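Asks: show me the folded form of this:
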Amino acid sequence: MRRSRKVKILATIGPASSDEAMLKKLFEAGADTFRINMSHTDHELMRTLVKRIRTVEQGVGRPIGILADLQGPKLRVGKFANGKETLEVGQAFTLDSDPTPGDSTRVYLPHPEILASVEPGHRLLIDDGKLQLKAVKTDGKTIVCTVVAGTTISDKKGVSLPDTDLPVGALTDKDRADLDAVLDAGVDWVALSFIQRPDDLAEARKIARGRALLMSKIEKPQAVARLPEIIELSDAIMVARGDLGVEVPLENVPGIQKRITRAGRKAGKPVIVATQMLESMITAPVPTRAEVSDVSIAVFEGADAVMLSAESAAGAYPVEAVATMNRIAVQVEKDPLYSGIINAQRSEPEPTGADAISLAAREIAETLKLAAIVTYTASGTTGLRAARERPQVPIIALSPILDTARRLSLVWGTHCVVTEDARDLDDMVNRACRIAFEEEYGKPGDRIIITAGVPLRTPGSTNMLRIAYLGPDGQGGR
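Replies: Below you'll find the model as predicted:
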């Protein structure tokens, strides 16, 4: 099964979409990779979901990626004697280390790292910014604030700190246990929440040891400020617009999204745009016009993937949401303006053999109007470099390693096929032509361009281009 679009669709699975039959419907509707949100999934359920996805994968005969999204540090206030309180703008309100239930003047904050780090002038946003506080006095054990906006606070509401750099890592004890579990289950990607600094990836990288690729979720202003460093140490980036839109002014989010998308493409790292893309489809069978425009902007911008959250996980129309996103993406990529916008954002290649080969392959394929670029890749790096060029022709990524094909299912434009390593150059050409024919990317008489490394099976040695004709039986011609 081949897609008629290059951008990929990442679908979150949950109560509305966790059985095997529904997972297959979501794949057939357009989902390329499935996301398991570990904030709402225990280890037993996670293993069951992974097993079901692998069963669907075997049935459809296509590699399917799995992303496990770790919860990250969740910062919350304590409880109130009455469950909730009504405050007034301008009044004083204190967060402290006293576990006594709160009232209209104070509440327990069970996070000593916040009490020690917040300084006068810092903002504290409660319940996704519905209540906004500003610190006026701190002593390491209490934070005296002024209520700036909002009037209600209740038990266990989340706390966001856009101005405060917390001296804690991105992994909690729960995350460490979850990370061990998802790695043992064989997921392909792990998303790290609330990254603040490049160092936040170090512990996860040490634990993963290459068993899964790491995706940094950009949802804090501290991460935006250090974006180049974080991208360098990440395998992929997610524009997590939900929490990002709480911690930075909403009007700044579109510009940040474009910055992240372009920076990721320049580095050759996949970028996923996420949160509220088709939010109204949680309860409605059709999206709003604004949501359609939102998805289209991400596609026009050249994002590798667009993501569905509650729409596919808990909504009333999960299949319709995936199918709608698929239709939007297909139509955008047919738009006469699409290729011009994508080409205008192209970065200069890095001074490496792989980048030079990928650039040449794209230019030759587009000049000669070839049917496809076929790239042999063991680690996935060659596939990533080919996708960085955003060619107008399809990319067929051939790999002998199933894990590599699954990981590339999240990467722009790549149609991944698992195949045995080529025995020699003739077999390499014949195999590439046969697969292009079988996967319906070319017909007899069409030409493809093949990139590979010689000697064969040498990692990181991409150094060869070969143009080949598809023969009458799909075999390679001269």
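
Asks: for Ser399, phi and psi?
Replies: Here the main-chain torsion angles of Ser399 (degrees, to the nearest 10) amount to phi -140, psi 140.

Asks: how about Ile341?
Replies: As for Ile341, its main-chain torsions (degrees, to the nearest 10) stand at phi -70, psi -40.

Asks: got a list of what it touches?
Replies: Residues counted as contacts of Ile341 (Cβ atoms under 8 Å, 6 or more residues apart in numbering) are 300-302. Every residue, glycine included, has its C-beta placed from N, CA and C.

Asks: out of those residues, who's the most crowded?
Replies: The residue in the contacts of Ile341 with the most neighbours, by other Cβ atoms under 10 Å, is Gly302 (25 neighbours).

Asks: list the contacts of that residue.
Replies: With contacts defined as Cβ under 8 Å, 6+ apart, Gly302 is in contact with 261-262, 265, 341-342, 345, 390, 412.

Asks: from those residues, which land in helices?
Replies: Assigned to helices by DSSP state H, the following of those qualify: 261-262, 265, 341-342.

Asks: so how many other residues sit close to Thr105?
Replies: With neighbours defined by other Cβ under 10 Å, the count for Thr105 comes to 11.

Asks: with Ala29 instead?
Replies: Other residues within reach of Ala29, judged by other Cβ under 10 Å, total 20.

Asks: per-residue confidence for it?
Replies: pLDDT, the model's per-residue confidence, is 98 for Ala29.

Asks: I'd say it and Tyr317 touch.
Replies: No - with contacts defined as Cβ atoms under 8 Å, Ala29 does not count as touching Tyr317, sitting 10.8 Å away.

Asks: follow-up on the earlier one: and which of the ones in helices among the contacts of Gly302 is nearest to Asp19?
Replies: The shortest approach to Asp19 among the ones in helices among the contacts of Gly302 belongs to Thr261, at 33.9 Å (Cβ to Cβ).

Asks: just checking, the closest one touches Glu301?
Replies: Yes - judged on Cβ under 8 Å, Thr261 makes contact with Glu301 at a distance of 4.8 Å.

Asks: overlap in contacts, these two.
Replies: Val273.

Asks: how close does Cys433 sit to Glu439?
Replies: Using Cβ to Cβ, to the nearest Å, we find Cys433 at a distance of 11 Å from Glu439.

Asks: ignore the last one, Ala263
Replies: Noted for Ala263: a distance of 32 Å to Glu439, by Cβ to Cβ.

Asks: now swap in Leu368 and tell me
Replies: Taken as Cβ to Cβ, the span from Leu368 to Glu439 is 20 Å.

Asks: more neighbours: which of these two?
Replies: Neighbours per residue, other Cβ under 10 Å: of Leu368 and Glu439, the larger number sits with Glu439, 16 against 12.

Asks: and the closest residue to that one other than its chain neighbours, what element?
Replies: With Cβ to Cβ, 6 or more residues apart in numbering as the measure, Arg2 is the residue that lies nearest to Glu439, at 5.8 Å, once sequence neighbours are left out. Using DSSP states H and E, no element contains Arg2; it sits outside every helix and strand.

Asks: thinking again about what came up before, just the contacts of Gly302 now: which is nearest Gly445?
Replies: Among those, Arg390 lies closest to Gly445 (Cβ to Cβ), at 26.7 Å.

Asks: for burial, what's the neighbour tally of the spatially closest residue to that closest one that is not a sequence neighbour?
Replies: Once flanking residues are discounted, Arg390 sits nearest to Ile342: 5.0 Å by Cβ to Cβ, 6+ apart. By other Cβ under 10 Å, 20 other residues sit near Ile342.

Asks: doesn't Pro391 make contact with Ile342?
Replies: No - in this structure, Ile342 sits apart from Pro391 without contact. The criterion is Cβ under 8 Å, and the distance is 9.6 Å.

Asks: just say helix, strand or coil for the closest residue in space to Asp200 that isn't next to it in sequence.
Replies: Distances taken as Cβ to Cβ, 6+ apart place Ala170 nearest to Asp200, at 3.9 Å, with adjacent residues excluded. Three-state secondary structure (criterion: DSSP: H, G, I helix; E, B strand; the rest coil) places Ala170 in coil.

Asks: right, and Arg52 touches Met22 too?
Replies: No - in terms of Cβ under 8 Å, Arg52 does not count as a neighbour of Met22; the distance is 9.4 Å.

Asks: rewinding a little: can you report how many residues neighbour the residue nearest to Asp200?
Replies: 23.

Asks: now the one 3 residues further on
Replies: A count of neighbours around Asp173, defined by other Cβ under 10 Å, yields 7.

Asks: equivalent analysis for Met464, please.
Replies: 16.

Asks: per-residue pLDDT, the most centrally placed residue in the chain?
Replies: Among the residues of the chain, the smallest C-alpha distance to the mean C-alpha position (Cα atoms, centre = their mean) belongs to Ile272, namely 3.7 Å. Predicted confidence (pLDDT) at Ile272: the value is 98.

Asks: shouldn't it be in contact with Ala303?
Replies: Yes - in this structure Ile272 lies within contact range of Ala303 using Cβ under 8 Å: 6.8 Å.

Asks: strands of the stretch 1-150 of the chain, residue ranges please.
Replies: Per DSSP state E, counting those that start in this stretch, the stretch 1-150 of the chain has strands spanning 8-13, 33-37, 65-69, 84-86, 92-96, 106-108, 123-126, 131-138, 142-149. These are given in chain order.
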